[in-house]
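Colleague: predicted model and sequence below, questions to follow.
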Amino acid sequence: AQKITQTQPGMFVQEKEAVTLDCTYDTSDQSYGLFWYKQPSSGEMIFLIYQGSYDEQNATEGRYSLNFQKARKSANLVISASQLGDSAMYFCAMRVGNTGKLIFGQGTTLQVKP
Amino acid sequence: DAGVIQSPRHEVTEMGQEVTLRCKPISGHDYLFWYRQTMMRGLELLIYFNNNVPIDDSGMPEDRFSAKMPNASFSTLKIQPSEPRDSAVYFCASSRRQATNEKLFFGSGTQLSVL
């Protein structure tokens, strides 16, 4: 069975500092995609970054990067130079090729302090 | 593109009433997903469709829940009869294909409160 685990219910970070949000996954499939979504207090789900299981390089999107360690089955999100607007819930998710389902972790609430 | 459109944004109803949530996916997207978000259980996949056909409804909590997709541009999630424990945010999402690199686009969600 596929599973996503986010072990940090809540995190604090000082403005302008970097922060890492942890995500581990479990699947026996070789082909899968890993995603991070942001959910601000307004409730919408915003796509941040994607990493494919066959990608050798870590994905980057502006201030977001994904630290992909396949052997450890981890896909941590790194946010550099945190901003107050980064305060939100962050979800790690996995899409497995043979089903097309996107399953989510429990989420991490990030609060950026001024 | 207008994105995934859900209605209503908020729904307050009394226990025992029928509730219908609506979703219009992005044009050209073949996959449609219904999720439920609660504090206790996080984001749960309820059901998803491919080309209007339900593929996996194993996440539907019980027979009170039903979902339909009569055409490529419209889907409904119905709860009958509703119960207070159904209170949650319900999201609809769509994607073009099943591929692992295809992200899902989410609607704004429907906040359901069952009193």
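Modeller: Ah, there it is.
Colleague: what about residue A:20, how many residues nearby?
Modeller: Other residues near residue A:20 number 14, with proximity taken as other CB atoms under 10 Å in any protein chain shown. C-beta: built from backbone N, CA, C; applies to glycine.
Colleague: likewise residue A:5?
Modeller: For residue A:5, the neighbour count with other CB under 10 Å is 14.
Colleague: which ones are touching the residue nearest to it when sequence neighbours are not counted?
Modeller: Excluding the flanking residues, the one nearest residue A:5 by CB to CB, 6 or more residues apart in numbering or on different chains is residue A:24, at 4.8 Å. Contacts for residue A:24 (CB atoms under 8 Å, 6 or more residues apart in numbering or on different chains) come out as A:4-5, A:7, A:72-75.
Colleague: buried among those? Need that as a selection in ChimeraX.
Modeller: If you want just the buried ones from the contacts of residue A:24 in ChimeraX, going by 16 or more other CB atoms under 10 Å in any protein chain shown, the selection is:
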select /A:4,74,75
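Colleague: that older thread, bridged to the residue nearest to residue A:5, which residues?
Modeller: On the basis of DSSP bridges, residue A:24 takes part in beta bridges with residue A:5, residue A:74.
Colleague: who in chain A is up against chain B?
Modeller: With CB under 8 Å from any CB of the partner chain as the criterion, chain A meets chain B at residues A:31-33, A:35, A:37, A:43-45, A:47, A:50, A:52-53, A:91, A:95-97, A:99-107.
Colleague: and the pLDDT at the spatially most central residue of chain B?
Modeller: Chain B has residue B:34 as the residue nearest its centroid, 3.0 Å off, counting by CA atoms, centre = their mean. Residue B:34 carries a pLDDT value of 97.
Colleague: does it touch residue B:46 like I think?
Modeller: Yes. Counting by CB atoms under 8 Å, residue B:34 does reach residue B:46; the two are 4.4 Å apart.
Colleague: farthest from the middle of chain B: give me that residue.
Modeller: residue B:101 (21.7 Å).
Colleague: list the contacts of the closest residue to that residue other than its chain neighbours.
Modeller: Nearest non-adjacent residue to residue B:101, counting by CB to CB, 6+ apart: residue A:33, 5.1 Å away. Taking CB under 8 Å, 6+ apart as the criterion, residue A:33 is in contact with A:50-53, A:94-95, B:99-102.
Colleague: apply 6 Å and report the result again.
Modeller: By CB atoms under 6 Å, 6 or more residues apart in numbering or on different chains, residue A:33 lies in contact with A:52, A:95, B:100-101.
Colleague: which of these fall in strands?
Modeller: Of the positions in those, A:52, A:95 sit in strands, assigned by DSSP state E.
Colleague: scan the contacts of residue A:33 and report the most crowded one.
Modeller: Ranked by neighbours (other CB under 10 Å), the contacts of residue A:33 are led by residue A:95, which has 25 neighbours.
Colleague: wait, it touches residue B:99, no?
Modeller: No. Residue A:95 is beyond contact range of residue B:99, at 8.2 Å (criterion: CB atoms under 6 Å).
Colleague: partners of the helix or strand harbouring residue B:91 in the sheet?
Modeller: Assessed by DSSP states H and E, residue B:91 sits inside strand B:88-95. Sheet pairing of strand B:88-95 (DSSP bridges) gives strand B:31-38 (antiparallel), strand B:105-106 (antiparallel), strand B:110-114 (antiparallel).
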